[in-house]
Every structure is written in structure tokens, then in C-alpha cells.
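Novice: Pasting the sequence and the predicted model now:
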Amino acid sequence: MSGHAVERYPLVLRVLHWLLALLLVSQLALGFAAEHGTPRELSDALLPVHFRLGVLILCLMLLRLGLRLWLPIPGHDDGSPWRRRARTWAHGLLYVLVLVLPVSGHVIWVWMGADRVLFAGVEVPALFVPPADETGRAVAWYVHVYAAWLLSALVGLHAAAAVFHQVRHREGFIVRRMGFGSMADGRHAPHFPAAPTGRDQRRNQK
């Protein structure tokens, strides 16, 4: 474990957090709009944007996951074991869903034989040849749709929990952990040791 207290997430993780939050909300809205309540012509125009945005989210999420395992982050500020476990499981599920959605979307896209070009001739590799049996496509579609609904619920709960923590403890929790402005609101809040990173764990094993 790091020997110093860390109260705020590193800048690069804060930027990625808010950028991914914006992209995920936009992506979910785009996907639901393309799937429901839009004319076929508009849906056909939205789906390529949805695919390209999904690839971008996947790349940013992999980057964030790598940095999250490497950089020091704030430790838990709540001594309740069940809350720590719930927070850990919720965050883990968020990561899994954000990775599962673009992967399942890619499977569907390849099965459709759709254009995989992102920009300037850069093409996402197919990685597999779709068989004649479309069972795999149907499974990927169900995974994609239900994962999107579950992710929407988790994102809402995640935001509600942060706001609840902010209102209940009145310590500038959101600004202190993930904000970009002054930390004056959280100046008198207790400092907590940094959570162990992958680098720290490897060092402790030596």
C-alpha cells in the first residue's frame, strides 16, 4: 500500500471519468433512439455512429482500467464492510458492462456485414467469420440489450449514491474526489490512505 494519503483521484482518471460518463450517456441514448421510436432511415444513420462511439468507449475504458490499476487512488472512507463490498461489486460490474457492451456490439456489427471503417481508412478487424447459423448473433443481441438496461440502472444508482454521500456528509465529496475546482469544501475532511495499486501489490510480493 502507498505510504501517503491520497484524497483525490489523479487528474488523468478524473478526466477519463467525466469523459466516459458523457460518452456513455450519449451512447445509451443513441442506442435506444436507434432501436426504438425512430424511422428506419434515421436508425440506419445512427447505428454507424453508435458503432464508432462504442469502439472509442472500449479504448478509453481499457486505458482507464490500466491506469486505475497502476496509479494511487483514495482508499475507502466508510468503515462499514458491507458498504465497501457493495461499492466494490458495483464498480466491478460497471467495468464489466462497459467492456461487454462494445464487444457484443462488435459481434452484432460483424454479423450484419456492416462497414467497420472508423476514420481515414482505419478499419476495425472482424476477428471472426460469422457462421451460417445466427444463434451467436441472437445471443450477442440479447447480451447487448440487457447489458445496456443494466448499465443504465447502475449509472443512475452510482450517481445517486455520490449525491447522497455529498448531501449526507456535507464534505464536498464529489469535488474532493472527482472535481476539477477548489478542494476547499473538503479541506477538513479526513484523509485516507491510498488504495493499493497493481504496482504496489507487485512490490509487496517481492
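Specialist: That came in fine, so what should we check first? Only a predicted model underlies this, so the values are computations on that prediction, with no experimental measurement involved.
Novice: Output the below-cut-off pLDDT ranges for this structure.
Specialist: 1-6, 37, 75-79, 169-177, 181-206 (pLDDT under 70).
Novice: run the last query once more with 50
Specialist: Counting by pLDDT under 50, the ranges of the chain that qualify are 1-4, 185-193.
Novice: For it, list the residue farthest from the centre, please.
Specialist: Distance from the centre of the chain peaks at residue 132, with 33.3 Å (CA atoms, centre = their mean).
Novice: just checking, what packs against the longest helix along the chain?
Specialist: Ranked by residue count under DSSP state H, the longest helix found in the chain is helix 135-169. Packed against helix 135-169 by the contact rule (3 or more CB pairs under 8 Å, 6 or more residues apart in numbering; DSSP states H and E) you find helix 11-35, helix 81-112, helix 173-178. (Glycine included, C-beta is placed from N, CA and C.)
Novice: which neighbours does the helix or strand that the second one is followed by have in its sheet, and in what orientation?
Specialist: Yep, that's helix 81-112 we're talking about. From helix 81-112 onward toward the C-terminus, using DSSP states H and E, the following helix or strand is strand 117-119. Strand 117-119 has these partner strands in its sheet, going by DSSP bridges: strand 122-123 (antiparallel).
Novice: can you list the residues that contact the strand it pairs with?
Specialist: Strand 122-123 is contacted by residues 116, 117 when judged by CB atoms under 8 Å, 6 or more residues apart in numbering.
Novice: Which residue comes closest to residue 103 once chain neighbours are left out?
Specialist: With CB to CB, 6 or more residues apart in numbering as the measure, residue 58 is the residue that lies nearest to residue 103, at 7.3 Å, once sequence neighbours are left out.
Novice: quick one: the one you found from residue 102, how far?
Specialist: Residue 58 sits 4 Å away from residue 102 when distances are taken as CB to CB, to the nearest Å.
Novice: pretty sure residue 67 contacts residue 12?
Specialist: Yes: the pair residue 67 and residue 12 passes the contact test of CB atoms under 8 Å, sitting 6.0 Å apart.
Novice: For these two, work out which one has more neighbours and name it.
Specialist: More neighbours sit around residue 67 than around the other of residue 67 and residue 12, counting by other CB atoms under 10 Å; the figures are 16 against 12.
Novice: Quickly note the distance from the more buried one to residue 93.
Specialist: With the distance defined as CB to CB, residue 67 ends up 20 Å from residue 93.
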